[in-house]
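**Q** generate a structure from the sequence data that follows.
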Amino acid sequence: MKIIRTEVLIDAGDFSASPVWAEIQEQFTEAIHSVEWPPGSGSFTLHDQPGKKRGEGNGVKPIKDACMRHLKKNGWSLETPVNIATVKRPGKMDATRPVGKRLFCVEWETGNISSSHRAINKMALGLLHGILVGGVLVVPTREMYNYLTDRVGNFRELEPYFPLWRSVPIREGILAVIAIEHDAVSTDVPRIEKGTDGRALQ
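**A** Presented below is the predicted three-dimensional model:
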């Protein structure tokens, strides 16, 4: 899987110059690149079929799950409850790693564009409250979006709101959005089923 673009919305303080940030960046970058389809192919090829109709296109959650398992192997915690908005049932972050008394988190979008906004807002609020030291949201490019579950959050639809998130007054930390994309499309590979647990993905 390819990383097409990394948009850093906030880079405040000294965290981005630290060795721990370099290690974290290497780990989540490696986790994204490790996702492949079909299994054992060494690349990520999507079934060439639009995802707008029910039962067509490729599922999203199995792609995320493959990346999350890779992070877990490197000591990250998955589905971590993080009380950012002081609610009775704190929302869960997809993957977190402790950095001192704070957390760095990675969120991988599997919902619609509203879900993408909530994910960035949650991370920005976590940075503002000093609960997080950094957060990254992983979303497909518009090109990849065409082959996935209809209306999934994507980079192009988020981009107009980047100036808003850049304006959040953070003293220290990083907030970024990563655009991912397939290596190729082909009718010779099977669809990534929707609603499966993705254990076939590596």
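**Q** could you pull out the strands for the protein?
**A** Assigned by DSSP state E, the strands in the chain fall at 2-12, 45-47, 77-81, 92-99, 102-108, 132-140, 173-181, 184-186.
**Q** which ones are touching Asp11?
**A** Contacts here follow Cβ atoms under 8 Å, 6 or more residues apart in numbering; on that basis Asp11 touches Ile174. Bear in mind the C-beta positions are built from the backbone N, C-alpha and C, glycine included.
**Q** the helices in this structure, which residues?
**A** Ranges of helices in the chain, per DSSP state H, are 19-33, 61-73, 113-128, 142-145, 155-158, 162-166.
**Q** out of those, the one nearest Asp94 is which?
**A** helix 61-73 (6.2 Å; Cβ to Cβ).
**Q** list the buried residues of the closest one.
**A** Within helix 61-73, the residues scored as buried using 16 or more other Cβ atoms under 10 Å are Lys61, Pro62, Ile63, Lys64, Asp65, Ala66, Cys67, Met68, Arg69, His70, Leu71.
**Q** repeat that for stretch 5-25.
**A** Neighbour-count burial for stretch 5-25, with 16+ other Cβ under 10 Å as criterion, is recorded at Glu7, Leu9, Ile10, Asp11, Phe15, Ser16, Trp21, Ile24, Gln25.
**Q** output the strands of the chain in CSV; the columns should cover mean pLDDT.
**A** Output for the strands of the chain, formatted as CSV (pLDDT from 0 to 100):
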stretch, mean pLDDT
strand 2-12, 97
strand 45-47, 94
strand 77-81, 95
strand 92-99, 96
strand 102-108, 97
strand 132-140, 97
strand 173-181, 98
strand 184-186, 96
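**Q** tell me which of these sits nearest to Lys194.
**A** For these, proximity to Lys194 was assessed by Cβ to Cβ; strand 45-47 is nearest, at 11.6 Å.
**Q** contacting residues around the closest one?
**A** With contacts defined as Cβ under 8 Å, 6+ apart, strand 45-47 is touched by 37-38, 57-58, 144, 147, 182-187, 189-192.
**Q** where is pLDDT lowest across these?
**A** Lowest pLDDT among these: Gly57, with 85.
**Q** my guess is that residue contacts Val185. True?
**A** No. Under the criterion of Cβ atoms under 8 Å, Gly57 is not in contact with Val185, lying 11.2 Å apart.
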